[in-house]
Each structure stands twice: as C-alpha cells, then as structure tokens.
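Undergrad: this is the structure alone, sequence omitted:
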C-alpha cells in the first residue's frame, strides 16, 4: 500500500478549493492541508457582484469549515506564507508556522493590477477582487455620490454593476477605444457601450488617466491625457489581473517574463514536487483568467497525484455572461484572426442586438462568435465550435432572428460534447448517470455536478435531459397533483372553454378524488382569474388557503396580520392617524413593509371584522397582502417634488395599482414605478418595473427579489402611458393563462420557450393573434373589481366564520403576547409555560383584549 | 359521557372546517359534501407541528384513499379518521365522534365511546 502523502495547498480560491474537493474524492487517505490567506474559506468570485444585491457571504461560500473538518482536511485561515524551503520541503508562514510537504500545490491566484497613476494610493481608490474589497467599496460608497471604474474589461463592467447597485452615479473609463477589447470586436464593443450608457452608466473609451488629484465638486478629479477631466468620489481599479507569483520567484522557481509560474502539461513547475494551478500558472506563455480552465488544471494535478494520466491541453476561453443586465457572449476567434476566416454579421439597431459569426474559409466550421444584447444562440454556437461540427448549408441561419428552430438539437450532439465546462461534464456522463438511475434534473446535477458551477449551461442541460428522457419513452409529466392529470395551463383552458364555474364541476368532469391543498387553491385562483367571483362565495370558500379565507395573513401563532391598501405608497395624514388609532385600540404591532405600506400584526380571528369595519369606514380597501395577486406598486416621489424626476411616477403608480388591484394570478405580483433613471423605486427587481425617461416610460418585466433575485429585462422603451398599460394588460393576462402553479413571472419567463424575444413577439407584434382577447379579458377583470373586505362586511353568512369557536365567544387562549420595544410580540413557548403556571389561561388572554375590541364584538 | 350539542348544521361550512370548544378542548369539525357524499369529521384543532390552534382553517381533501386536512401553517396532512399525520406518523391527534341529529351537530369523546362499547 502507498504511504500517506502530505499534500499542502497554498490558496483557497475557487480553483484551490476545487483541487481539494477533487483530491479528497479520489484519495480518501491523503493528508491534505490548506493554507488560506483570507479570513474565510473558498467563495464564489464569479458571482461576487451579487454581494451588493442581497447575496450574503454565506450564500457565496463554496464550502464551510464544518465540511472541511468532516472531510478531514486540515486548514488555516488568515495564513500568509512567507517562504518555501524547497530543499527541506517546508513552507514557513508569516506567523512562523512550518508545514512539511511531499507535494506542494500553488493556487495563489492573482491580484488586481493598479496602474501606476500618480494619486492612486488615496483612501477611496480601491480594487474589486475579494469580499474584503467589497466591504471597503460599500463603506466608501456610503460616503460617495459618483464612482469611476478604471478598466472596461469583463471585470471592470462587473465592478461598474456593483457601483450602480450601490446607488452611485457610475462611469467606466477605458484606455482602449472600445469596451471588452479581448472578447468583442469593435462593433460589438460599440453596441455594448450604447446599451450600458442607456442603463445609466457613462462610458469613456480611449481615455488614458494621467493623474488623480483633488476634485472641485467631488472628492477627486481624474485627469486624462487628452486634457479632459472627470470628477468622482470613488475610484475602482479593474485594469486586469497579475499572477501572485512572489513566493515562486523568491524560492527560485521559473516564472514568465511578464509574471506567472511556468508549468508544463502536467501543471508541474520547474520543481517536480511543486505544482501550480489557476490564475497564478503560466502555461505555454498563457494565463487563464477564467474558472473553467483553472478547474481543469486542478483535475490534472489530482490525476498526477493519484497515478492518473490526465494532462492539460489548453482551454476554451469562450464566455457568456450578463453585464449590467446586458447579455454578452464571446466564442473562440471573436476577432476573425484565422487566415481566410469569413464573418457573418447581424445587427438589429432597434432591439440593440449585435451578432457576429466567424466561419472557416470553406464555410463548414465555426471558428468564433460575438453576441451582444441576445445570447440565446450561444449554447448552439459553442457546441458547433467545440465539437467541430459541420455547419448547416446556410450557416447564417444560426444567428438570424427567425432561426430559433435551427438551434442545435441536444439529441444530435455527440456523447463527447461538453455540456458543463466548469465541471467538465460531457453529454456521455449525463447519459451514463441516467443509465444508472438518475431521471430528474436535480439528481443528475448532484450526481454529475453539471450546471453547479457558473450555471451557464442550465438550459442546455435541461434540454439534453428532456430529449434523452423522451428518446427513452419517458413521458415528461407536469400534472398538477393526483386529482387532476392536467397542468395548470390546461386546467385554465378547460375552465374557460367549458364555462366551468365551480371546483366540484371541474372535479367531476375532469378529475378524481376529493381534491387537496395543491389543486384547490390553484383552481380557486383560476376561477377568480376567469370569472372574478367573490372568493368567499359558498362554493369557493373551501378552496382558499386560510389567508384568502380570512382575507388576512396567518402568523406563526395563528393570529393574523392586516394590510390596508396604500396605493403607490401615498397616504394622507388623516389616514395615517386612522391606522395608528386602530393599532392602538386593538393593541396591534405595527411595521412598515417593503412595499411602502403598513402591516398590523397580532389581530385575532374574531377581531378582523371590527378592525376592517373601522378601516373601510375611513376609506381603506383590502391590500391583498394575503393573496396570490397584485401586492403593491412601489413608487419614488417623481417629478412632482424631486429635482431629478422626469415623469410623475406617483400618479402613474397609483393608477396602475388601482387598475390591477385584486387581480388573482398564479403567484403574487409586485410592481414599481421610478421617476428617473436613478431608480429609487427599485423597479428592476419587480415583476413589472416602470422607469421614467425623458420621452415616456421604459418597461421592465419579470424581475424578482427574494430567494432567487433576478434583474428584470428591459422589454420596451419610451412608451406612452396608453401603450404601457396595453402591454402590461397583455403580459399579465398571458402570464395568468400560461404559468404554472406558484410560478413567479421570473421563472415563468425563464421557462418560456423562446424567452424574452418570444414574449415580445406575442405582446408587441401579436404573433399569436391573441392581444385583443388578452386585453378584453383584463378589462373584464378590472371592471368587476370589488373590495373583498367590503363584500365580507356586507355578508352576515361570511362574517360568521370570523370567530375562534362556533359555540363560545372566548378567544384562543393559546395566543399570548408579551411586550418588546413598546409593542406586542407573540410569547415564546417557554414564556407561555411560565405564565400559565401563574395565572389561569382563559383569564390571562381575555385580560389582554383591549376594552374597545371586546365592546365591538358584542 | 353523553353527546354534547355543539352548533347548528348551518354553522358548518361545506368542504371546510369550524372550531368548537368541547370539554375545555378545541375541536376542529369538518363537513365533506362532495361527489354525492356527506360526511362529518372531528379532530383536535391544535397543530402540534406548528404549535397553534389552526387546523379547522386548513384545506380538506384526499390523499389516495385517505380523507385529510392540510395544516395552514406548514402544510402537513392529518388523516381525519385516525388523526395521524401523514408526513410524521409519530404525531397523532385526538379524534372525536361527531354526528348530525335534528339539525344539530353533536360531539362525543371517542375514546370513552370506544371504552363504553368494549364494556
């Protein structure tokens, strides 16, 4: 048996971590020690800018200390290596620690290059590389209004996105005459500049920064070689990366002229006991600044250490990403430098899409591509390029708009085709996983790791799996539940075509069993979207989730919260006083919601009608906070008050909220209207987002906050109000008609065949010829709106349900509140136990009831 | 112990539940009226998983052959005939005998009834 080897790894970035993970999988015995320079273990640097849009450090983490401990991996955090003693095979740390190695792996990565510009060392001149850098940027941004990124490459634009998310007026300064000069050609770079400028980031290309001096209006002033200048409070350098090769240099390993630790095809340095992988390694005079080649190097070294024969043969540098919401893709020879190469170019100046395809002289092979504004063809094109597949006779079809049908069919891909380049998973691996019993996406992902890296191949993976399932004769089912062998969309169709008005009728005609908590609310929602009946009408009442049944939101202790509608977040002082007085009289906990309204917590079931009588009398309507329906239309104060506003966003938000209030949908819907491009209403995180322009309104669709944030897509620009409303009518009705149960618009769009482009064709071009019908259906719903609370207060039969006990006026003794920060909160189980020992329960809770509430109940 | 008059038939809600105070206990009473059947069920109102008195406000339905209510808090299903939780079988709620007579709904502590019939 082999002796246990001491494997020492310096660096715990994405590549270093991948190495450790792979090695442990291949060799459970190896003695692995990791020296990590940062305060935390590996995290996802690819999605770093998510840190500013709500992704926490924990969510970015690729592993945990517990996981390393469980896998018996020794690690040191905050551990900087001072010296490598190659003779004794020892590594010495700054703290004086000594680590022996049999094999040493350098995964030290790279650092951000700061150009030698006078003034670059000032406090608000920062770099964008680590979580620590991000914290520094956030801190500086809090005291800044304007931010400049120096460097218009891929990372620079990521950094610009971060500054924009932090609310700064953002500029990008690039030395070259175009953005992303490495990945894009000139025309692609120009299209990208144009789009980014429209998104509110100012682009300055062909600018050489000569000095950073004190500013007049801002903290600093950048002085350019052409004599111009730019004022800014914060400077972020993103002018490329440089390999961390200092350690290798000082111990005499071979390094490149321009940096980088020289490695051979086995990723071995000039010392056979030392390997280098990732961005610190120089292979054939090349440094690979992407994660996939780094992972590949990690696997090569694992193979070398476990007697495998893998070697590194270079890597594909193609890339697809979303920069500031703009889709950008670059494949292979983007600049058409191959002798004899021919280029096909497609430009759509209206939709601002640029696509270029570089093919071989004989037109048979794809050499490269540039995609800006629409990367839907990327996966197909990449497969043609990587697998050297024969192009169709008219290759231009691959990038022309009508060509969605010409996309490469997953079934035609060879088994050797790489599907996931991060984890090097070929189609054959996926087929093998399915042979061994994995038959859904989740299990295939966890078994092969496909699509768990950058996630760029998700759609392709799904189509490979679906096609494979189909070819095996497995029917891909989307039945709602055991009671209906139909999808939500099919049920909606059955309801509308058959004129079905009740659940019982639908069940007896198209279902089986008694229904359940999945199909009942779904059908309840379909019936409401189709006929807009009062949801508490007798045949519908049993279909609703408890929140819809009692028109309030149930909390953990069985009490409810109450949210009156405050359209657009605008409220008079009188109405504020009413809410305050109601909260006082019923002793409710009050909190401002994220949707610009007020939530009143701690209402008992039997108090709800009295509370609502007071609110309705004062002119409030239900806020539908409980429903799968329109929640709020958030707004900023707009041109009425704001110095920067260009349109009246408040009036628009109120009009839109009043138009769609009460609309029942597959899931909740949130909207926002911003009065200018500063976007204070955060419309780009909403299902429907509207941002004012000088000429009208830009419409954004299918954004989301929450667990899986998604930036909304720009759907149409400079709309007048009539067109804006018409498009929203159509989009919402199309969503209601076609989405799955509990599917937010963000996921709906991602699952929609043809995506955003298809949605535009349906909504704007009316390709399906249903636009008028969608508008009519929406008009019918808008015209039949009625406040459900008003209807409930008018209906003695419905009111009967609002009591804890059918045979006693007593409240639920299990609902007990204690005071915290001068308001109530639910008592914990422990508090209730302690309390119940002192006082009889029933007395306690009645004594908690406010006198007015008791009076009104009688 | 005898049957106790709880409420009028009209106080029940079709294919849904109400809650009654019975011997100091909270009891959820459900009326199933669907596909030609009319059945009454009564189980404890307290959801031991969520820790709140809310089961009468859940959605009733069927899972396979079992008639169930889904808790409105975390959606566990409870068999209305046995009180057993489908997702956590170790959790079993009290079950009560319930009947309709002279337009009134009557409850009876089932365990005592079983003892009585055994005696």
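TA: That came through, no problem. Computed from a predicted model, the values in this text were never measured in an experiment.
Undergrad: so the nearest residue to residue A:449 once chain neighbours are set aside, which state does it fall into?
TA: The shortest distance from residue A:449 to any non-neighbouring residue, by CB to CB, 6 or more residues apart in numbering or on different chains, is to residue A:423 (4.3 Å). Every residue, glycine included, has its C-beta placed from N, CA and C. Following DSSP: H, G, I helix; E, B strand; the rest coil, we place residue A:423 in the coil state.
Undergrad: one more: the one 10 residues further on?
TA: The local conformation at residue A:433, judged by three-state DSSP, is helix.
Undergrad: how about the contacts made by residue A:516?
TA: By CB atoms under 8 Å, 6 or more residues apart in numbering or on different chains, the contact list for residue A:516 reads A:481, A:482, A:483, B:59, B:61, B:62, B:63, B:68, B:70.
Undergrad: next, it: phi, psi?
TA: phi -160, psi -170 (degrees, to the nearest 10).
Undergrad: likewise residue A:357?
TA: Note on residue A:357: its backbone torsions stand at phi -130, psi 130 [degrees, to the nearest 10].
Undergrad: can you check residue A:15 too?
TA: With angles defined as degrees, to the nearest 10, residue A:15 sits at phi -70, psi -40.
Undergrad: next, count neighbours for residue A:708.
TA: Residues lying near residue A:708 (other CB atoms under 10 Å in any protein chain shown) number 10.
Undergrad: burial measure for residue 15, as a count.
TA: No chain was given, so I picked chain A. Burial of residue A:15 is recorded as 30 neighbouring residues (other CB under 10 Å).
Undergrad: oops, wrong one, chain B.
TA: The tally of other residues near residue B:15 (other CB under 10 Å) stands at 23.
Undergrad: contact partners for it?
TA: Going by CB under 8 Å, 6+ apart, residue B:15 touches A:542, B:31, B:32, B:33, B:34, B:60.
Undergrad: could these be laid out in CSV, adding pLDDT?
TA: Shown next, in CSV, are the contacts of residue B:15 (pLDDT from 0 to 100):
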residue, pLDDT
A:542, 89
B:31, 94
B:32, 92
B:33, 86
B:34, 76
B:60, 94
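Undergrad: looking at those, which is nearest residue A:443?
TA: Closest approach to residue A:443 among the contacts of residue B:15 (CB to CB): residue B:60, at 33.2 Å.
Undergrad: contact partners for residue A:60?
TA: The contact partners of residue A:60, by CB under 8 Å, 6+ apart, come to A:43, A:44, A:47, A:48, A:50, A:51, A:131.
Undergrad: which of the residues you listed are buried, as a PyMOL select command?
TA: Remark: buried members of these, expressed as a PyMOL selection using 16 or more other CB atoms under 10 Å in any protein chain shown:
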select buried, chain A and resi 43+44+48+50+51+131
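Undergrad: okay, the contacts of residue A:60 in CSV with secondary structure and pLDDT next?
TA: Listed next are the contacts of residue A:60 as CSV, based on DSSP: H, G, I helix; E, B strand; the rest coil; pLDDT from 0 to 100:
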residue, secondary structure, pLDDT
A:43, strand, 91
A:44, coil, 88
A:47, coil, 79
A:48, helix, 81
A:50, helix, 79
A:51, helix, 84
A:131, helix, 86
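Undergrad: what comes up buried for the longest strand along chain B?
TA: Ranked by number of residues, the top strand in chain B under DSSP state E is strand B:25-34. By neighbour count on 16+ other CB under 10 Å, the buried set for strand B:25-34 is B:26, B:27, B:28, B:29, B:30, B:31, B:32, B:34.
Undergrad: these also near chain A: which ones?
TA: Within the set of those, contact with chain A (CB under 8 Å from any CB of the partner chain) is found for B:26, B:29, B:32, B:34.
Undergrad: relative to residue A:312, which of these is nearest.
TA: In terms of CB to CB, no member of these lies closer to residue A:312 than residue B:34, at 66.3 Å.
Undergrad: mind checking the SS state of residue A:678?
TA: The three-state label given to residue A:678 by three-state DSSP is coil.
Undergrad: you'd agree it is up against residue A:646?
TA: No: with contact defined as CB atoms under 8 Å, residue A:678 does not count as touching residue A:646 (10.2 Å).
Undergrad: who has more neighbours, those two?
TA: residue A:646 (18 against 15).
Undergrad: surely the more buried one is in contact with residue A:694?
TA: Yes: the criterion here is CB under 8 Å, and residue A:646 meets it with residue A:694 at 5.5 Å.
Undergrad: what does chain B have sitting close to chain A?
TA: Contact residues (CB under 8 Å from any CB) of chain B with chain A: B:6-7, B:11, B:13-16, B:18-21, B:26, B:29, B:32, B:34-35, B:46, B:50-54, B:57-64, B:67-68, B:70, B:72-73, B:75, B:77.
Undergrad: buried subset of those residues?
TA: B:6-7, B:11, B:13, B:15-16, B:18-21, B:26, B:29, B:32, B:34, B:46, B:50, B:52-54, B:57-63, B:67-68, B:70, B:72-73, B:77.
Undergrad: for chain B, which residue is closest to the average position?
TA: Central residue of chain B (CA atoms, centre = their mean): residue B:42, 2.2 Å from the mean position.
Undergrad: pull the residues that contact the one helix or strand it maps to.
TA: Using DSSP states H and E, residue B:42 sits in strand B:37-44. Residues from elsewhere that reach strand B:37-44 (CB under 8 Å, 6+ apart): B:12, B:25-32, B:55, B:67, B:69, B:78, B:80-81, B:83, B:93-100, B:105, B:107.
Undergrad: surely residue A:104 is within a strand?
TA: Yes: membership of residue A:104 in a strand is supported by three-state DSSP.
Undergrad: how many residues are close by the closest residue to it other than its chain neighbours?
TA: Leaving aside its sequence neighbours, residue A:104 sits nearest to residue A:274 (CB to CB, 6+ apart; 4.6 Å). Number of residues near residue A:274 (other CB under 10 Å) recorded here: 24.
Undergrad: tell me the contacts of residue A:274?
TA: So residue A:274 contacts A:84, A:86, A:103, A:104, A:105, A:106, A:248, A:253, A:268 (CB under 8 Å, 6+ apart).
Undergrad: surely residue A:733 is in contact with residue A:776?
TA: No: taking contact to mean CB under 8 Å, the distance of 9.1 Å between residue A:733 and residue A:776 leaves them out of contact.
Undergrad: so those two - more neighbours on which side?
TA: Neighbours per residue (other CB under 10 Å) separate residue A:733 from residue A:776, with residue A:733 holding more: 24 against 12.
Undergrad: what helix or strand is that one located in?
TA: Residue A:733 belongs to helix A:721-738 when assigned by DSSP H and E.
Undergrad: please compute how far that helix lies from its chain's middle.
TA: 23 Å (CA atoms, centre = their mean, to the nearest Å).
Undergrad: what sits up against stretch A:110-130?
TA: Residues outside stretch A:110-130 that contact it (CB under 8 Å, 6+ apart) are A:38, A:45, A:48, A:133-134, A:136-137, A:140, A:144, A:149-150, A:155, A:158-159, A:162, A:209-213, A:219-220, A:233-244, A:279-280, A:287, A:289.
Undergrad: list the buried residues of it.
TA: Within stretch A:110-130, the residues that count as buried by 16+ other CB under 10 Å are A:110-112, A:114, A:117, A:119, A:124-130.
Undergrad: check contacts around the closest residue in space to residue A:743 that isn't next to it in sequence.
TA: Counting by CB to CB, 6+ apart, residue A:743 lies nearest to residue A:666, which is 5.4 Å off, once chain neighbours are set aside. Neighbour list for residue A:666: A:488, A:525, A:628, A:735, A:736, A:739, A:740, A:741, A:742, A:743, A:748 [criterion: CB under 8 Å, 6+ apart].
Undergrad: go through those residues and name the one nearest chain B.
TA: Distance to chain B, by CB to the nearest CB, is smallest for residue A:742 among those, at 12.2 Å.
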